[in-house]
Each structure stands twice: as C-alpha cells, then as structure tokens.
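Colleague: Coordinates for the following, if possible.
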Amino acid sequence: MILVSACLAGLDVRYDGNNCLNQRIQQLVGEGKAVSVCPEVLGGFSTPREPAEISGGTGEDVLDGKAKVIDKSGQDVTELYLQGAKLTLEKARELNASLVILKEYSPSCGSAMIYNGEFSGEKIAGHGVTAALLKRNGIRVMSDEQFLSSGDEPL
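Modeller: Numbers count the residues shown, from 1 in each chain. Below you'll find the model as predicted:
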C-alpha cells in the first residue's frame, strides 16, 4: 500500500484551503492502491490556516528539539506538526506502507526541499517534520516531483 499527501489526491487540505491535485496519485487512490493522509490536519490544524515554515533548521532538527515550526503570525506550532508526524507514522505502519508520496516544500511533507523559515519564498535542502520522522523510521519517502519524473508506478 502507498500513503500519499491528501492535497495530492485532490482534497482541499492545504493551508490556503486548496489542493495540489496530481491525476496519477488521485488514480492510485481511486484504484485502492493508495490511501491519502494530511499530517497537518491529523495534527489538529483547521483548513484554511496560517502558512508555517521551519525556523532554525529542518524537520530533523525539529524532531531533535533544535528547531521550531512557526506560522506567519509568529506563533509556535511545533507541537501540532510533531503530533501530525507521529499519527502519520502510525498510519503508515498500520497500512504496512511500502512508500509514502509527500508534497514537496511543505514544513510537514517536504522530502528534499523546504522553505527557509523566513517566509521569503527561498527554499533550502531538508525534510519536513513528517518526512524526517518517516525516514528516521525506515519508511521510503518520495516527493510528488520525484514521483512525476519517475514515470513508473511505484508498486
């Protein structure tokens, strides 16, 4: 089974209340080969919500208590991101997921690149909180961009 970011399956769960529909991913969900999940919604966020970025590092640093997730208003929302990551890991284990496809650049789901924490639009190398936790637990993670460029079915 594959676990995918809910926004990629067409669900309006992004911070701005929209989605990032990927037809191939939506098809996998429709065929029962994938299950969608939104770590931020699982963590307790509503939709829409303030955008947030990791400040002071990457998702690994958040897991290690060395960085925080801060929303655009300056509120520390780290605990909700950690909660969502833990629940996503539980879901991946429950489904025995062979792969998790996540939305790139997200402070939860970025698997190669995230925003730099300054709300400037600049990106840096690093994982979001959920991607970091999944990888730390030996679960294969791929970004939507890697999935699109692969052209192969990931099963």
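
Colleague: Going by C-alpha atoms from here, please, whenever you check contacts or count neighbours.
Modeller: OK.

Colleague: quick one: the residue of the chain lying at maximal distance from its centre from A92, how far?
Modeller: Here the centre of the chain is the reference, and by C-alpha atoms, centre = their mean the most remote residue is E31, at 22.0 Å. Applying C-alpha to C-alpha, to the nearest Å, the value for E31 to A92 is 18 Å.

Colleague: and what of I54?
Modeller: 23 Å.

Colleague: From S106, how far off is G32?
Modeller: For G32, the distance to S106 equals 25 Å [C-alpha to C-alpha].

Colleague: okay, these two: which has more neighbours?
Modeller: Comparing G32 with S106 by other C-alpha atoms under 10 Å, the one with more neighbours is S106, at 24 against 11.

Colleague: and the more buried one, what are its phi and psi?
Modeller: S106 has phi and psi values of phi -70, psi 140 when expressed as degrees, to the nearest 10.

Colleague: I'd say it and I114 touch.
Modeller: Yes - if you go by C-alpha atoms under 8 Å, S106 and I114 touch, sitting 6.0 Å apart.
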